[in-house]
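Novice: Let's see this in three dimensions:
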Amino acid sequence: MTTEAHQHRAEVVCQAGLQLYARALREGTVPQRDADAVPCTLRTGMLQPDVEDVRRLRPLVPTLALPRLLHRMEEDIARRRRAESQLTEAFEPLLALGATDGPDLPTADGIIVLHGIDRINDAIGHATREASREILTIQPGGRRSPAALAVALPREQHLLSHGARMRTLYQHTTRHDPAVLAHFEQLRGDIEVRTLDELPQRLLMLDRAVAFIPANAERTLAVEVRHRPLVTYLGTVFDRLWHLATPMHPEAVHHPTLNGITPRQRAIAALLIEGHTDNVIAERLGMNVRTARVHIAKLAATLGSESRAQLGYLIGQSGILDPEG
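Specialist: I've put the predicted structure just below:
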């Protein structure tokens, strides 16, 4: 095997090199010419010149060879990390420039990344003016700010005034939000609102032809989707959630309590037995932590629990989470 065929990183020992090293350990020495074909054994110091015969090589004892190889690898990893840090630092101003001043970026056929609140609102406004049949929205979280509702109001009323229908999904915690209730009272047209305990991220879909979804937690980035299979998939997800949801507007339906347990407490109970913390429960159900803890305390009192561990056991025994319950 030629030397050219064995060109690899200095800290790497190939299989042929390991075989030659093992042979040297068994026999005591190996000819220099045998190592010429596997130079990694020389570069790593695994084989060293025999002071008694310069034409032969002796193996370095494994207890010394292995630490030496590992040290070379650690040095290489450190060099790569320094290079990664330098490259990241060099690109940081370029990424910031692209995120603030650059154009909207097409990431695939029918998918565009929108940078900044203004661009997102402009794109939604343009898509709304193009639409005529339907607007579907998913709004997770317990409340919507009056400012956000004020921005949405003229867009939604424009569509409704042209005969489109509107279907919106909120979380159950929104059912008593006065700002949201007032918002829907202002709108005129074919409107229905339903609620669920938990919802995925925000979604706005128009005429089942274009959808908008957030691309970061701050919602300063969004994705405009006109890719037909993806839009169809998102529409199907909305339909499945819609059929599971509870009507809120124009006529509200309220689930009755079960053995003194409210629907919201049942939702909390389901997350409790999964082992979630109060913060996670509050976030998933769109409420603040204080409210979540009040409901947990009421649930514990109803079931006669004296500890968190006992509460999980009592929830399981009570049957309140059974499908037929």
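
Novice: Return the residues in contact with residue 181.
Specialist: Counting by CB atoms under 8 Å, 6 or more residues apart in numbering, residue 181 makes contact with residue 249. Using the backbone N, CA and C atoms, a C-beta is placed for each residue, glycine as well.

Novice: how close does it get to residue 223?
Specialist: Residue 181 is 30 Å from residue 223, where distance means CB to CB, to the nearest Å.

Novice: now residue 207
Specialist: 18 Å.

Novice: Let me see the ranges of the helices in the stretch 201-325 of the chain.
Specialist: 228-244, 263-272, 278-285, 289-303, 308-318 (DSSP state H, counting those that start in this stretch).

Novice: Now the phi/psi pair for residue 136, please.
Specialist: Note on residue 136: its backbone torsions stand at phi -120, psi 130 [degrees, to the nearest 10].

Novice: in stretch 151-158, what counts as buried?
Specialist: 152, 155, 156 (16 or more other CB atoms under 10 Å).

Novice: Which ones among the residues you listed map onto helices?
Specialist: Counting by DSSP state H, the part of these found in helices is 152, 155, 156.

Novice: The last one: what's it in contact with?
Specialist: When contacts are counted by CB under 8 Å, 6+ apart, residue 156 is found next to 135, 166, 187.

Novice: just residue 56 next, same as before
Specialist: Residue 56 is in contact with 29, 30, 31, 32, 50, counting by CB under 8 Å, 6+ apart.

Novice: before we move on, which element is the nearest residue to the third one once chain neighbours are set aside in?
Specialist: Pointing back at residue 31 there. The shortest distance from residue 31 to any non-neighbouring residue, by CB to CB, 6 or more residues apart in numbering, is to residue 56 (5.9 Å). Element membership for residue 56, per DSSP states H and E: strand 53-59.

Novice: now the strands: where do they sit in the protein?
Specialist: According to DSSP state E, the chain carries its strands in the segments 30-31, 47-50, 53-59, 105-108, 111-115, 134-139, 165-171, 190-196, 203-206, 210-214, 221-225, 246-249.

Novice: which stretch in those is the model least sure about?
Specialist: Among those, strand 105-108 has the lowest mean pLDDT, at a mean of 55.

Novice: domain assignment for this structure?
Specialist: For the chain, automatic domain parsing gives the domain ranges 1-98, 105-249, 263-318.

Novice: got the CA coordinates for stretch 238-256 in PDB?
Specialist: Provided in PDB are the C-alpha atoms of stretch 238-256 (Å, rounded to 0.1, in the frame of the first residue of the first chain):
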ATOM      1  CA  PHE A 238     -56.800  23.100  12.100                       C
ATOM      2  CA  ASP A 239     -59.900  21.000  11.100                       C
ATOM      3  CA  ARG A 240     -59.000  18.200  13.500                       C
ATOM      4  CA  LEU A 241     -58.500  20.700  16.400                       C
ATOM      5  CA  TRP A 242     -61.700  22.500  15.500                       C
ATOM      6  CA  HIS A 243     -63.800  19.300  15.800                       C
ATOM      7  CA  LEU A 244     -62.300  18.700  19.300                       C
ATOM      8  CA  ALA A 245     -62.800  22.300  20.500                       C
ATOM      9  CA  THR A 246     -65.700  23.700  22.600                       C
ATOM     10  CA  PRO A 247     -67.900  26.500  21.100                       C
ATOM     11  CA  MET A 248     -67.300  30.000  22.600                       C
ATOM     12  CA  HIS A 249     -68.900  32.400  20.100                       C
ATOM     13  CA  PRO A 250     -71.600  33.200  19.000                       C
ATOM     14  CA  GLU A 251     -73.100  30.700  21.500                       C
ATOM     15  CA  ALA A 252     -70.900  29.500  24.300                       C
ATOM     16  CA  VAL A 253     -71.100  25.900  25.500                       C
ATOM     17  CA  HIS A 254     -69.700  25.100  29.000                       C
ATOM     18  CA  HIS A 255     -68.700  21.600  30.100                       C
ATOM     19  CA  PRO A 256     -70.200  20.700  33.500                       C
END
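
Novice: What are the buried residues along it?
Specialist: Using 16+ other CB under 10 Å as the test for burial, stretch 238-256 gives 238, 241, 242, 245, 246, 248, 249.

Novice: and for that stretch, what are the contacting residues?
Specialist: So stretch 238-256 is contacted by 136, 138, 167, 169-170, 172, 174-175, 181, 184, 191-196, 199, 203, 205, 263 (CB under 8 Å, 6+ apart).

Novice: neighbours around residue 60, how many?
Specialist: Neighbour count of residue 60, defined by other CB atoms under 10 Å: 19.

Novice: Contacts only, for it.
Specialist: 45, 46, 47, 48, 68.

Novice: My read is that the fourth one contacts residue 54, right?
Specialist: This means residue 48. No. Counting by CB atoms under 8 Å, residue 48 stays clear of residue 54, with 11.3 Å between them.
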